[in-house]
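In: Fold the following.
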Amino acid sequence: MTRPDLSGRGPRARGAFLRTTAARGWAVDAAIAAAVAAAQVGAAYAGSSWHSGQGPVPISAYVLLAVGGASLIARRRYPVGVLAVALITTLWASGESAHATYLALIAAFFNAVLARKRAAAIASLIIGYAASVWPWLIGQSGRPSAAFALGLAAGLIFLLGAAELIRSRSQRAAALQRSREEELRRRASEERMRMARDLHDVVAHNISVINVQANTALHLMDRQPERARSALTTINDVSKQALVELRSVLGVLRDIDEGVPRAPSPGLARLGDLVDNAAAAGLAVHIEEAKPRAPLPADVDLAAYRIVQEALTNSARHSGGTRATVRVTYGDGAAIVEVDDDGVGRQAGRPVARAGNPGNGIAGMTERAKALGGTLQAGQRPEGGFRVRAWLPVDGSEP
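Out: Reported below is the predicted structural model:
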C-alpha cells in the first residue's frame, strides 16, 4: 500500500488526513471481518442442512468460525497474529465438524504474504497440512487417502504460488507509483527553481529601475518638479508592469484574478519593454536582431528574454556606463544572445561583484542556459566594458 505525499500539507492538515485514513482503514477491515465471519457461519450451517445425516454443527464450531473471521479486523497491524488465530480456530472447528470452512484462514494467509511475512505464511501451510494428514496413517479406514494427501499438498503449493504472484504484482505496482511520485516531486522542484529565477529577474530588474527613478525624483523634486513628476510616472508604470509579471509567475500556485488582463508572456518580442525600462534607468540600449525573427520554443524564448533583462539590470546598476547593445542572432540550431555595455565595471570606486565574483545575477543566467543545454559566458571585453553571451539550443544541438 503506497503512502500519499503529505509534503505540501500543514501539521494540522496532515494529522486530520492521517486520522481520516486510519478511520477508513478500520471501517474497511471491520466490514471484511464481519463478511468473512458471516460467510463461514452461513456456509457451515448450509452444509449441515444439506448433509443432515452427519449431524448438526456444534455451537462451539460456529463460535470458532466466527472468531476466526472476526480476527481479520486486525489484519493490517498484526498479520502474523491474525494468521495464527485463523489457523487455530479453523483447525479446531474442522475437528469438531466436517462442515468447517477455510475462508478466514485463506484470507489471513494472503494477507501475511502481502505483508511480507512469508516465513509465517509458509509455516501455517506446513502446520495445516500436518494437522490434516498426521499423525493418522494414510489409507486406513476413515482416514485421509494418499490421493487426498497429494491433492492437498498440490492445492497448498498452488495457494502459495498465487499469493506470491499477487505480492509480486503488488510490489511492482507500488514501485511504479513511487516512481511516478518521485517524478512529480522532481518536476515540482524544477518548477519551483524556474519560478525562483523568474521572481529574481522580475524583482531585481524592476526594483533597480524604481530605485534609480526614486533617487532622481528626490533630487529634482524642488529644483525641477517636471522631471521629478516624469520620474514618478516611470515608477508608477514600472511598478504596474512588475505586478503583472509577478501575478503571471505566481498564478500557477493559485487560480486567482482569472478575469484580470495579463501582459503577454515574456519573450524576445518584448525587448522594446526592456529598452524603455533601461532608458528610464539612464541606460541607452540599441537592439540588433537578425531578421526575420526565428520562431523559438517557449522556454528558450523566455530564457533569452530573462538573460537580456538581467544583463541590462546589471549594466544599469553596476557598470557606470551609459550605453548597451543587445544582439540576437539565429543559426546552427540555436539562438545567440549578446549584451555589451560601455561601463568601466566600477561603482563608487569599488569593483563590482560581477568583475571578481559572478554573484547571483550571473549565476542565475548561467543556470537558465544550462537548464536548456546551452552555455553562458560573462566577463570584461578587451576593448572595455562588459559582455554577456548566451548560446541557447532550440533543437538539441551541441555548443
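In: Which parts of the stretch 201-350 of the chain are helices?
Out: Ranges of helices in the stretch 201-350 of the chain, per DSSP state H, counting those that start in this stretch, are 225-250, 271-280, 298-314.
In: buried ones in the last one?
Out: The neighbour-count criterion (16 or more other Cβ atoms under 10 Å) identifies 300-314 as the buried residues of helix 298-314. The C-beta positions use only the backbone N, C-alpha and C, and glycine is treated the same way.
In: what's the answer for stretch 73-81, then?
Out: I73, R75, R76, P79, V80.
In: Helix, strand or coil: sort out the first one for me.
Out: Taken by DSSP: H, G, I helix; E, B strand; the rest coil, the conformation at I73 corresponds to helix.
In: Thought A31 was touching it, still the case?
Out: No - with contacts counted by Cβ atoms under 8 Å, I73 stays clear of A31, the gap being 9.2 Å.
In: Find residues that contact each of the two.
Out: Residues touching both I73 and A31 (Cβ atoms under 8 Å, 6 or more residues apart in numbering): there are none.
In: Considering the buried residues of helix 298-314, which is situated nearest to L64?
Out: L302 (70.6 Å; Cβ to Cβ).
In: Find me whatever residue is spatially closest to the closest one, sequence neighbours aside.
Out: For L302, ignoring the flanking residues on the chain, the nearest one in space by Cβ to Cβ, 6 or more residues apart in numbering is P266 at 5.7 Å.
In: tell me the contacts of the one you found?
Out: P266 neighbours (Cβ under 8 Å, 6+ apart): E245, L302, Y305, R306, Q309.
In: in this protein, which spans are strands?
Out: Here the chain has its strands, by DSSP state E, at 284-289, 323-331, 334-341, 346-347, 350-351, 375-380, 386-393.
In: Reformat these into TSV and put mean neighbour count and mean pLDDT next to each item.
Out: As requested, the strands of the chain are exported to TSV (neighbours: other Cβ atoms under 10 Å; pLDDT from 0 to 100):
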stretch	mean neighbour count	mean pLDDT
strand 284-289	14	89
strand 323-331	17	90
strand 334-341	23	92
strand 346-347	14	42
strand 350-351	10	40
strand 375-380	16	91
strand 386-393	22	92
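In: what about those, which gets the closest to A154?
Out: A154 lies closest to strand 386-393 among these, at 62.8 Å (Cβ to Cβ).
In: Compute the inter-axis angle for that closest one and strand 375-380.
Out: Orientation check (axes from the mean of the first three to the mean of the last three Cα atoms, to 10 degrees): strand 386-393 against strand 375-380 gives 170 degrees.
In: quick check: angle from strand 386-393 to helix 298-314?
Out: Calculated by the same axes, to 10 degrees, strand 386-393 forms an angle of 180 degrees with helix 298-314.
In: Name the helix or strand of this protein that has the lowest mean pLDDT.
Out: Here the helix or strand of the chain ranked lowest by mean pLDDT, DSSP states H and E is strand 350-351, holding a mean of 40.
In: The nearest residue to A242 once chain neighbours are set aside and K370, how far apart?
Out: Nearest residue to A242, sequence neighbours excluded (Cβ to Cβ, 6+ apart): N206, at 3.8 Å. To K370, N206 is 25 Å away according to Cβ to Cβ, to the nearest Å.
In: So for the two, which sits in the more crowded spot?
Out: When neighbours are counted by other Cβ atoms under 10 Å, N206 and K370 differ, and N206 comes out ahead with 22 against 11.
In: Let me see the contact set for that one.
Out: Residues near N206 by Cβ under 8 Å, 6+ apart: V238, S239, Q241, A242, E245, N277.
In: Make a markdown table out of the residues you listed and add neighbour count, pLDDT and distance to G151.
Out: Output for the contacts of N206, formatted as a markdown table (neighbours: other Cβ atoms under 10 Å; pLDDT from 0 to 100; distance: Cβ to Cβ, whole Å):
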| residue | neighbour count | pLDDT | distance to G151 |
| --- | --- | --- | --- |
| V238 | 23 | 73 | 86 |
| S239 | 14 | 76 | 84 |
| Q241 | 18 | 70 | 82 |
| A242 | 18 | 72 | 80 |
| E245 | 22 | 68 | 76 |
| N277 | 25 | 78 | 86 |
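In: can I get those residues in JSON lines with distance to R172?
Out: Output for the contacts of N206, formatted as JSON lines (distance: Cβ to Cβ, whole Å):
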{"residue": "V238", "distance to R172": "55"}
{"residue": "S239", "distance to R172": "55"}
{"residue": "Q241", "distance to R172": "52"}
{"residue": "A242", "distance to R172": "50"}
{"residue": "E245", "distance to R172": "45"}
{"residue": "N277", "distance to R172": "55"}
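In: Name the nearest of those relative to T89.
Out: For the contacts of N206, the nearest to T89 is E245 (69.4 Å; Cβ to Cβ).
In: any idea how far stretch 315-329 is from the chain center?
Out: Computed by Cα atoms, centre = their mean, to the nearest Å, the chain-centroid distance of stretch 315-329 equals 40 Å.
In: what sits up against it?
Out: Contact partners of stretch 315-329, identified using Cβ under 8 Å, 6+ apart, comprise 208-209, 212, 268, 271, 274, 278, 281-290, 304, 308, 311-312, 335-347, 352-354, 385-386.
In: Nearest to V394 among the buried residues of stretch 73-81?
Out: The shortest approach to V394 among those belongs to R76, at 53.2 Å (Cβ to Cβ).
In: Since that was my last question, I'll sign off now.
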